[in-house]
Every structure is written in C-alpha cells, then in structure tokens.
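*Asks:* coords below, sequence missing:
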C-alpha cells in the first residue's frame, strides 16, 4: 500500500505547507493570527467517498479529502496546506501509513479564509 502511494508521477501537486503564527500588536497587545510558509512538497489530493467521510467522524457537510505526501516530521493538525490555489486545514494528526516513515496521510477540510487569515 505505502509504496504504491509514492509511484512516480502520483504526487502531481506542488503543495505549500503553512504554520499558524501568533504575534502581538505593538500598539495595544492584541493577538494577531497569520500563517507563515514552512516549505513546499509534492502531494496528491484524494477526495474521500461517502463511507470514508462518515468513518472519519465528520458531522457536517464540508469538503473533506486526504493528502498523500512523503513522510515529514514538521506537520501537525494546526497547519494548512495550499494545493491548486485552494487552502485546506489539516483536521487530524498526520498518519504515518506504514509506520516506517515513508508515507504520510493528512485528513484535510477546505477552508474559505485562505492561509492569510486565522
């Protein structure tokens, strides 16, 4: 399963990985949330079918997908990923598919406010 996920050409999207950053305003100390680029990677976006969507525990109707990429240790469930001009929020902890550090699955949901806003 895991080696099939990384066949040549299967990771066809260039994906930007973004981390949430909180800073304080100098004038009034208000917390300002933004997203900062942490890197690029190759990935594949797979929309989930109805059964997988239900099993993932989704209670409301929203676009949910799986992002497949090479294993990384710098992604968590507070990050966002930008693929083909659409921003997705990582909605669950990353899954190390085979336990050997080769393939990572991210469960994501489409967000409407992009990576610039919190």
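*Replies:* That came through, no problem. Remember, predicted model here, so these are calculated numbers, not experimental data.

*Asks:* hey, where'd the strands end up in this structure?
*Replies:* 13-24, 31-47, 64-70, 80-83, 86-90, 95-96, 103-110 (DSSP state E).

*Asks:* tell me which other helices or strands the shortest one touches.
*Replies:* Applying 3 or more CB pairs under 8 Å, 6 or more residues apart in numbering; DSSP states H and E, we find strand 95-96 packed against strand 103-110. Backbone N, C-alpha and C define where each C-beta goes, glycine included.

*Asks:* what lies in contact with stretch 6-19?
*Replies:* Applying CB atoms under 8 Å, 6 or more residues apart in numbering, the external contacts of stretch 6-19 come out as 35-45, 67-70, 74-75, 78-84, 102-103, 115.

*Asks:* might one say that residue 33 is in contact with residue 21?
*Replies:* Yes - using CB atoms under 8 Å, residue 33 is in contact with residue 21, at 7.3 Å.

*Asks:* where in the protein is the helix or strand with the lowest mean pLDDT?
*Replies:* The element with the least model confidence among the helices and strands of the chain, by mean pLDDT, DSSP states H and E, is helix 50-55, at a mean of 52.

*Asks:* can you report phi and psi for residue 72?
*Replies:* Note on residue 72: its backbone torsions stand at phi -140, psi 150 [degrees, to the nearest 10].

*Asks:* tally of neighbours for the spatially closest residue to it that is not a sequence neighbour?
*Replies:* In space, and not counting its chain neighbours, residue 72 is closest to residue 104: 6.1 Å by CB to CB, 6 or more residues apart in numbering. For residue 104, the number of neighbouring residues by other CB atoms under 10 Å comes to 21.

*Asks:* residue 46 now?
*Replies:* 13.

*Asks:* repeat for residue 70
*Replies:* A count of nearby residues for residue 70, using other CB under 10 Å, gives 14.

*Asks:* that one and residue 113, how far apart?
*Replies:* Taking CB to CB, to the nearest Å as the measure, residue 70 falls 28 Å from residue 113.
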